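*Asks:* Here's a sequence, model it:
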Amino acid sequence: MWHGAVAEALHRYESFLRKPGRYLYLSWSDCPCCDPTDARDTLEEALRRLPPAARGRLGAVVARLDAEFLRRTLPDPRAASVSSWHAAAWWRQRIRET
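*Replies:* Residues are numbered from 1 along each chain as shown. Below you'll find the predicted structure:
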């Protein structure tokens, strides 16, 4: 991971969740900077690599954001069948804009 990767990922994830509206839909953009699931992937990698104390602190922040993400996005029952990559993480299994 590069210097500042966690801060950038948190910023992108939080920015997505600040959008107005009851429900948020993920875009199909190929640009990782526009995809909150890419940011969540980075946060997951950081959680795996951090020592226990730092993991706990970051984990608490990510858990709060995840709860909001789950509340404001809808599950896509077909996502897991798209690819093994989609099936590997719950945050990739949310409805995307068409």
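
*Asks:* For the rest of this, base every contact and every neighbour count on C-alpha atoms.
*Replies:* Noted.

*Asks:* Test my guess that L65 contacts R12.
*Replies:* No: between L65 and R12 there is no contact under C-alpha atoms under 8 Å: 11.2 Å.

*Asks:* if you count what's nearby, which of these two comes out ahead?
*Replies:* R12 (21 against 17; other C-alpha atoms under 10 Å).

*Asks:* Now do that one, the pLDDT please.
*Replies:* The model reports R12 with a pLDDT of 94.

*Asks:* and the next element down the chain from the helix or strand containing it?
*Replies:* Using DSSP states H and E, the element containing R12 is helix 5-17. Once helix 5-17 ends, the next helix or strand along the chain (criterion: DSSP H and E) is helix 36-49.

*Asks:* now that following helix, how far from the centre of its chain.
*Replies:* Distance, stretch centre to chain centre, for helix 36-49: 7 Å (C-alpha atoms, centre = their mean, to the nearest Å).

*Asks:* got the contact list for the residue nearest the centre of the chain?
*Replies:* For the chain, the residue nearest the mean C-alpha position is R40 (3.0 Å; C-alpha atoms, centre = their mean). Residues counted as contacts of R40 (C-alpha atoms under 8 Å, 6 or more residues apart in numbering) are 9, 13, 91.

*Asks:* doesn't A39 make contact with the second one?
*Replies:* If I follow you right, that is Y13. Yes: at 5.9 Å, Y13 counts as touching A39 under the criterion of C-alpha under 8 Å.

*Asks:* List the neighbours of the worst-scoring helix or strand of the chain on mean pLDDT that are in contact with it.
*Replies:* Least confident helix or strand of the chain, by mean pLDDT, DSSP states H and E, is helix 79-82 with a mean of 88. Applying C-alpha under 8 Å, 6+ apart, the contact partners of helix 79-82 are 86-88, 92-95.

*Asks:* what's the farthest-apart pair in these?
*Replies:* The span of the contacts of helix 79-82, defined through C-alpha to C-alpha, is set by A88 and I95 at 15.6 Å.
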